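**Student:** fold the stuff below for me.
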Amino acid sequence: MTLTAAARLDLRLETRDKDRIAKAAALRGMALSAFVRDAVLREAEAAIAADAVVVLSGPESRHFLAALDAPFQPNARLQKAMRAAARLAR
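**Tutor:** Alright, predicted model coming up:
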């Protein structure tokens, strides 16, 4: 597979850190740049996923689940919008 670089990322490392990363890449049978790209993308996905997670306390969780189980009750503004949409659809 041929990749065309769309952007570059330069990184300054201590020599011992680069050597350690190069050794790990070699152990995986990967080019250094591919190993670094894969590792960084995995970490980026983990950071993004962690930011998207919402943690609820016990009471918050019960309240949320109760709201999901409750029958749908449109408020006045939504009822007005639904009536307007129905008139337009006629």
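
**Student:** can you list contacts of the helix or strand in which E60 is found?
**Tutor:** Using DSSP states H and E, E60 maps to helix 58-69. With contact meaning C-beta atoms under 8 Å, 6 or more residues apart in numbering, helix 58-69 is reached by L56. C-beta coordinates here come from the backbone N, C-alpha and C atoms, glycine included.

**Student:** after that helix, which helix or strand is next?
**Tutor:** helix 76-89.

**Student:** how far away from the center of its chain is that following helix?
**Tutor:** Taking C-alpha atoms, centre = their mean, to the nearest Å, one finds helix 76-89 lying 35 Å from the centre of the chain it belongs to.

**Student:** just to revisit the earlier point, show me which positions of the helix holding E60 end up buried.
**Tutor:** Residues of helix 58-69 include none that count as buried (16 or more other C-beta atoms under 10 Å).

**Student:** with stretch 34-46 instead?
**Tutor:** Residues of stretch 34-46 classed as buried: F35, V36 (neighbour count, 16+ other C-beta under 10 Å).

**Student:** if you average pLDDT over the helix holding E60, what comes out?
**Tutor:** Computed over helix 58-69, the mean pLDDT rounds to 96.

**Student:** just say helix, strand or coil for L9.
**Tutor:** Following DSSP: H, G, I helix; E, B strand; the rest coil, the label given to L9 is coil.
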